[in-house]
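Colleague: structure here, sequence nowhere to be found:
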């Protein structure tokens, strides 16, 4: 007779709601949760449409955007529609937070893309990072 070996199933890992150390860390967590909830809008035309329709709660714009007209358009739409805007330093960092990178099997970044603006329509779940970010915007 063959003996069956018991299968050990690892318990699911529970993501604890950690308190972010900086505003950038809080923004990264909020964008990841928004991406999971399908509430993240990427790209100029989609971002402009979301801002114009007032369906966005928050807009993130890269400071190193090469096109000045692009930055003026996004900033003007945010101002007219009374939508909060957050500036980040690098487009590559914003693209990584928005999920616009290709990774290999080990999880290392294989190809970087660049993204100049992102809007959040749905924050996903309420976290300490979101509370910290909203408190700093007011």
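Modeller: It's in. Fair warning: this is a prediction, and the values are worked out from it, not measured in the lab. Numbering: from 1, shown residues only.
Colleague: measure residue 133 to residue 81 for me?
Modeller: Residue 133 is 19 Å from residue 81, where distance means C-beta to C-beta, to the nearest Å. (C-beta placed from N, C-alpha, C; glycine too.)
Colleague: those two - which one has more neighbours?
Modeller: More neighbours surround residue 133 than the other of residue 133 and residue 81, with 22 against 15 (other C-beta atoms under 10 Å).
Colleague: host element of the more buried one?
Modeller: Assigned by DSSP states H and E, residue 133 belongs to helix 128-137.
Colleague: which secondary structure elements does that helix contact?
Modeller: Under the contact definition 3 or more C-beta pairs under 8 Å, 6 or more residues apart in numbering; DSSP states H and E, helix 128-137 sits against helix 23-36, strand 84-88.
Colleague: what about residue 60, neighbour count?
Modeller: Look at residue 60: counted by other C-beta under 10 Å, it has 24 neighbours.
Colleague: how about residues contacting the helix or strand hosting it?
Modeller: Using DSSP H and E, residue 60 sits within strand 58-62. With contact meaning C-beta atoms under 8 Å, 6 or more residues apart in numbering, strand 58-62 is reached by 27, 31, 47, 51, 71, 74-75, 78, 83-91, 94, 115-120, 133, 137.
Colleague: middle-most residue in the protein, spatially?
Modeller: residue 31 (2.3 Å; C-alpha atoms, centre = their mean).
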